[in-house]
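In: Sequence below, structure please.
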Amino acid sequence: MKIWSAILVLAVLAGCSSQPAPKPVVQSEPPAPVTKEPQDGMVWIPAGIYLVGSEEGLADEKPTHDVETPGFWMDETEVTVEQFQNFVDATGYETVAEKAGELPDGTKFPPGSLVFVMNDSGGGEWQFVEGASWKHPFGPDSKPEPNHPVVHVAYDDALAYCEWAGKRLPSEHEWEIAARGGLLGEPFVWGQEPPNVGAVKTNVWQGEFPVKNEGSDGFIATAPVKSFDPNGYGLYDMAGNVWEWCSDWYHAKAYDMKGIDRLKGPEASHDPDDPTVAKRVIRGGSYLCSDNYCRGYRPSARMKTSPDTGLSHTGFRCVKD
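Out: Now for the predicted structure:
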C-alpha cells in the first residue's frame, strides 16, 4: 500500500468536497420491487435504457446521458464482515491492510490502515492506525460486528472476494442505475427529501462535520446492513453507511468521452486535483457524509480513491450477469 499516495487524498477520504444542493424536480413514485426472487441474497436489476448523471451536480457528473444495459444481479446489501470472514476462512486470503509495506524510498511500514478519529481539539481527522484492518476496524483492540459492512478493503481485496464468490464488481454506471431504484432524475435514492429531513432514511453524519456527529440516526460509525428501508429495487444502503468500490478507473471527463464502453469505463485514470495518483471510482457516500460538507450520498455523485488503500468508511458489494 502506498501510504504516500493515500495521504495525498485525505481530503477526499474525509467524505468528499462540498457539493451543490440538488435542483428540485418533479416527484415520481417509487417502482414496485421486481418480481424475480433474489438469487442467494441478490436482487435483479432489469435491462433497459437509463439516464445517468446530473446537470445540477458537480462537473464530473455532467453531461447526463443514456446508458443501455442488460439485466444483472446485485448483492442486496454491502458485503458483511461475516461474509468476508467466510471468504478468508475458505482461502486464507490476507488483505492489503494486514501486510507490511514499503515506501518508494525503501522505508518499511507496519500493517495498518486509515481510520477517521475524533481528536482532542473537538474535531476529526484521518490517521494511519497500526494494526487497523477489517478484523480490527478502529485498531488492535476493536472488533467488528458480523452484520456490519466489511471495511478496510482495498480494491484488490474487493476483487478477490467477488471472484471467489463467482461475481464481479459493478461498473459505476451499473451502480448508479441500481442505486436509483427506478427513480430516474431524482436527487436521492428515495426521492426528493434530503436525508436529514423527516424520517431517518440512511446512515450519514448529523451535525457539523467534522466537529460533532449527533448520531440521531442511531449510529456514529457503520450500521448493520438492512437498518434502513431499501430502494425501489430492494437494495439496501445505496446511500450512506460505507462508500462502495466500482470497477472503473476514475476520469474527471469520463462522461464527455465519445465511443467508450459505458459499462466498462475509461482505460486510464485522470484526476486533475491529483494527477500523479491513479484512482478507482467509489460510490454511495458513507457515515461521514454530511449536509454541510459532503453530499456523496446522492446517486449521481462520483468519488475516487487510490486502489491500494483501505479505509474505515469504504466497503463494496458485488454483481453478476
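In: Now do G218: how many residues are near it, please.
Out: Residues contacting G218 under the criterion other CB atoms under 10 Å number 10. Placement of C-beta: from N, CA and C, glycine included.
In: surely it meets V204?
Out: No. Taking contacts as CB atoms under 8 Å, G218 lies outside contact range of V204: 11.7 Å.
In: In this structure R280 contacts C246, no?
Out: Yes. Using CB under 8 Å, R280 is in contact with C246, at 6.9 Å.
In: Looking at the two, which has the bigger crowd around it?
Out: C246 (28 against 23).
In: Checking my notes, that one in a strand, right?
Out: Yes. Under DSSP: H, G, I helix; E, B strand; the rest coil, C246 falls within a strand.
In: any idea how far it is from E176?
Out: Here the distance between C246 and E176 works out to 9 Å (CB to CB, to the nearest Å).
In: quick one: common contacting residues for the two?
Out: Each of R283 lies in contact with both C246 and E176 under the rule CB atoms under 8 Å, 6 or more residues apart in numbering.
In: Pairing partners for V319 in the sheet, please.
Out: With DSSP bridges as the criterion, V319 is bridged to M74, R168.
In: List the contacts of it.
Out: By CB under 8 Å, 6+ apart, the contact set of V319 is F72, W73, M74, D75, K167, R168, L169, P170, E174, A178.
In: how about the strands in the stretch 1-150 of the chain?
Out: 42-45, 48-52, 65-69, 72-75, 101-102, 108-109, 112-118, 124-130 (DSSP state E, counting those that start in this stretch).
In: any chance of the ones you listed in TSV, with mean neighbour count too?
Out: Formatted as TSV, those follow (neighbours: other CB atoms under 10 Å):
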stretch	mean neighbour count
strand 42-45	22
strand 48-52	16
strand 65-69	14
strand 72-75	23
strand 101-102	14
strand 108-109	10
strand 112-118	22
strand 124-130	17
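In: worst average pLDDT in the ones you listed?
Out: The minimum mean pLDDT among the strands of the stretch 1-150 of the chain belongs to strand 101-102 (a mean of 82).
In: what helices or strands is that strand leaning on?
Out: strand 108-109 (3 or more CB pairs under 8 Å, 6 or more residues apart in numbering; DSSP states H and E).
In: Direction included, what does the strand it packs on pair against?
Out: When sheet partners are counted by DSSP bridges, strand 108-109 sits next to strand 101-102 (antiparallel).
In: Centre of the chain to the partner strand, how far?
Out: Between the centre of strand 101-102 and the centre of its chain there are 26 Å (CA atoms, centre = their mean, to the nearest Å).
In: do the same with stretch 58-70
Out: The chain centroid and the centroid of stretch 58-70 are separated by 18 Å under CA atoms, centre = their mean.
In: Can I get that stretch in CSV? Just the C-alpha atoms.
Out: Provided in CSV are the C-alpha atoms of stretch 58-70 (Å, rounded to 0.1, in the frame of the first residue of the first chain):
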residue,chain,number,x,y,z
LEU,A,58,-20.5,18.7,-9.9
ALA,A,59,-18.6,18.9,-13.2
ASP,A,60,-17.7,15.3,-13.3
GLU,A,61,-21.4,14.3,-13.1
LYS,A,62,-22.1,16.0,-16.4
PRO,A,63,-23.5,15.7,-19.0
THR,A,64,-26.4,13.4,-18.3
HIS,A,65,-26.5,10.6,-20.8
ASP,A,66,-28.5,7.5,-21.6
VAL,A,67,-26.9,4.1,-21.0
GLU,A,68,-28.3,0.8,-22.2
THR,A,69,-27.6,-2.2,-20.1
PRO,A,70,-28.6,-5.8,-20.0
